[in-house]
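Visitor: Here's a sequence, model it:
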Amino acid sequence: MDFQIIQKKTVATVVSKTPKITALNATELKDAFSSLNKKSINSIIFDLSESKYCDSSGLSAILLGNRLCKDTNGSFILCGLQASVLKVIQIAQLDKVLIIAENEEAALKLL
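Guide: Presented below is the predicted three-dimensional model:
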């Protein structure tokens with residue numbers, strides 16, 4: 001598995017364990033976000049500290065996670081972004097839509 005889910009009561013942290021989030025593993029990520037949503041977990045922190053690359057399929061999965069949380073009045077926060085991943089998010093202008101924190105500790109404070 002490329003993504004680890006750590007659940008703490010009503011908050012879940014999804015940790016990317018892969019250097020690249022692409023079409024090859026974006027479905028697994030979407031499934032992780034959907035599974036948490038079905039369990040009524042609507043506050044998700046997505047830790048990307050181990051990922052150096054994210055393509056459009058990865059961005060699509062991230063946007064799904066964000067939408068699932070927003071639709072249930074929850075929060076979706078990205079953290080641990082490498083410079084290359086942050087740049088892709090900024091180019092797509094998703095930094096204006098997504099909440100981004102430096103690390104998991106900072107993300108938890110935003111909840």
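
Visitor: What is the neighbour count of Ser43?
Guide: 22 (other C-beta atoms under 10 Å). Any C-beta I mention is one placed from the backbone N, CA and C, and that applies to glycine too.

Visitor: tell me the contacts of it?
Guide: Ser43 makes contact with Thr10, Val11, Ala12, Cys69, Gly74, Ser75, Phe76, Leu111, according to C-beta atoms under 8 Å, 6 or more residues apart in numbering.

Visitor: The residues you listed in strands, which ones?
Guide: Counting by DSSP state E, the part of the contacts of Ser43 found in strands is Val11, Ala12, Ser75, Phe76.

Visitor: Quick one: distance of the longest helix out of those in the chain to the chain centre.
Guide: Ranked by residue count and defined by DSSP state H, the top helix of the chain is helix 56-71. Here the centre of helix 56-71 is set off from its chain's centre by 8 Å, with C-alpha atoms, centre = their mean, to the nearest Å.

Visitor: That one packs against which elements?
Guide: Contact here means 3 or more C-beta pairs under 8 Å, 6 or more residues apart in numbering; DSSP states H and E; on that basis helix 56-71 packs against strand 20-21, helix 26-38, strand 43-47, strand 75-79.
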